[in-house]
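Q: just need the structure, nothing else, for what follows:
(chains A and B)
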Protein chains: 2
Amino acid sequence: MTDPQASDWLDEIKWDDQGLVPAIAQDYQSGRILMMAWMNREALALTASEGRAIYWSRSRGQLWRKGETSGHVQKLHDLRLDCDADVILLKVEQLGGIACHTGRESCFYRSLDDSQWRAVDKVLKDPNEIYQ
Amino acid sequence: MTDPQASDWLDEIKWDDQGLVPAIAQDYQSGRILMMAWMNREALALTASEGRAIYWSRSRGQLWRKGETSGHVQKLHDLRLDCDADVILLKVEQLGGIACHTGRESCFYRSLDDSQWRAVDKVLKDPNEIYQ
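A: Residues are numbered from 1 along each chain as shown, chains lettered A, B, ... in the order given. Okay, here's the model as predicted:
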């Protein structure tokens, strides 16, 4: 029998007017911020129950099981909520060491330098090899 | 004379339909994620030019110079942009060691444990002492 209290934690979240919440993924060991994506209620519930990051793809309008194509699954170690209850933080183990579709560890690979965004992190794997 | 190229980096950002972009603040030394807030074009331009985090308060509808009341200014060390150009990452030095209005280091002080959000980080300073 399902615990009637079990989804109360989902009700505490302040979903935006599209029913979404931003979710930040951070490497649980290095602290590196890997990416930020969005989750709806179903994505967050599945993330918690399956122990891996499952986002809501706004562009495709469907659940996005991170790593399904690339193998770069994010295993969940800790799920955090901020003080306003409108941002989620996932501490994860990034399988393959690559979160970004460009083949880099992190999506935040551009740094502002002299009024220009410059790529400062290296590509670890050719994206063509990741998405075959 | 102002360099006509100087604000091109702001044009590269994909502002949402409200002209905003999420901005994550991370401690530049410990890697701790401190908070996530929002910036409009003016806030981000000021953050870069003044070298401190300046957000856009959606609730108050005005610029939010982080630390103006509390003294908990966030000094900018690095500004990053993600692959989709729709999320900003700020690596900052958090003056006072407190980012959250609850008196904690980070706003992400609640962890999901047995289907409940539990406060797992301690309050470093009484909020009544911060906001006098």
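
Q: OK, contacts around A:Gly103?
A: A:123-127, A:129-130 (CB atoms under 8 Å, 6 or more residues apart in numbering or on different chains). In this view, the C-beta of every residue, glycine as well, is placed from N, C-alpha and C.

Q: shouldn't it be within a strand?
A: No - per DSSP: H, G, I helix; E, B strand; the rest coil, A:Gly103 lies outside any strand segment and is coil.

Q: who does the residue lying closest to A:Phe108 once chain neighbours are set aside bridge with?
A: Once flanking residues are discounted, A:Phe108 sits nearest to B:Arg80: 4.1 Å by CB to CB, 6 or more residues apart in numbering or on different chains. In this entry, B:Arg80 is beta-bridged to A:Ser111, B:Leu89, by DSSP bridges.

Q: verify the stated contact: B:Arg80 with A:Arg104.
A: No - B:Arg80 is beyond contact range of A:Arg104, at 11.8 Å (criterion: CB atoms under 8 Å).

Q: contacts only, for the residue nearest in space to the middle of chain A.
A: In chain A, the C-alpha nearest the mean C-alpha coordinate belongs to A:Ala25, at 4.4 Å (CA atoms, centre = their mean). For A:Ala25, the contacting residues are A:33-37, A:53, A:74, A:90, A:92, A:94, A:99, by CB under 8 Å, 6+ apart.

Q: for it, helix, strand, or coil?
A: strand.

Q: if it is in a bridge, with which residues?
A: Where A:Ala25 sits in a bridge, its partners, by DSSP bridges, are A:Met35, A:Leu90.

Q: check contacts around the closest residue to chain B within chain A.
A: Of all residues in chain A, A:Gly31 sits closest to chain B, at 2.7 Å by CB to the nearest CB. By CB under 8 Å, 6+ apart, the contact list for A:Gly31 reads B:26, B:30-32.

Q: stretch A:52-65 vs chain B: in contact?
A: No - contact of stretch A:52-65 with chain B (CB under 8 Å from any CB of the partner chain) is absent, the minimum separation being 9.3 Å.

Q: average model confidence for that stretch?
A: Mean pLDDT, computed over stretch A:52-65, is 97.

Q: do the same with stretch A:120-131
A: Averaging pLDDT along stretch A:120-131 gives 93.

Q: among the contacts of A:Gly31, who's most crowded?
A: B:Gln26 (28 neighbours; other CB atoms under 10 Å in any protein chain shown).

Q: list the buried residues for stretch A:38-50?
A: The neighbour-count check on stretch A:38-50 (16 or more other CB atoms under 10 Å in any protein chain shown) flags A:38-41, A:43-48 as buried.

Q: number of residues surrounding A:Leu95?
A: Neighbour count of A:Leu95, defined by other CB under 10 Å: 16.

Q: mind saving the C-alpha coords of stretch A:50-70 as PDB?
A: Output in PDB follows, covering the C-alpha atoms of stretch A:50-70 (Å, rounded to 0.1, in the frame of the first residue of the first chain):
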ATOM      1  CA  GLU A  50      15.000   5.700 -10.000                       C
ATOM      2  CA  GLY A  51      18.000   7.400  -8.500                       C
ATOM      3  CA  ARG A  52      19.100   9.000 -11.700                       C
ATOM      4  CA  ALA A  53      18.500  12.400 -13.300                       C
ATOM      5  CA  ILE A  54      15.400  12.600 -15.500                       C
ATOM      6  CA  TYR A  55      14.600  16.000 -16.900                       C
ATOM      7  CA  TRP A  56      11.800  17.500 -18.900                       C
ATOM      8  CA  SER A  57      13.000  18.600 -22.300                       C
ATOM      9  CA  ARG A  58      11.200  21.900 -23.100                       C
ATOM     10  CA  SER A  59      12.300  21.800 -26.700                       C
ATOM     11  CA  ARG A  60      11.100  18.200 -27.300                       C
ATOM     12  CA  GLY A  61       8.100  18.500 -24.900                       C
ATOM     13  CA  GLN A  62       8.900  15.100 -23.300                       C
ATOM     14  CA  LEU A  63      10.800  13.400 -20.500                       C
ATOM     15  CA  TRP A  64      14.500  13.300 -21.000                       C
ATOM     16  CA  ARG A  65      16.300  10.400 -19.400                       C
ATOM     17  CA  LYS A  66      19.700  11.900 -19.300                       C
ATOM     18  CA  GLY A  67      22.200   9.400 -20.700                       C
ATOM     19  CA  GLU A  68      19.700   7.300 -22.600                       C
ATOM     20  CA  THR A  69      21.500   7.900 -26.000                       C
ATOM     21  CA  SER A  70      25.000   8.800 -24.800                       C
END
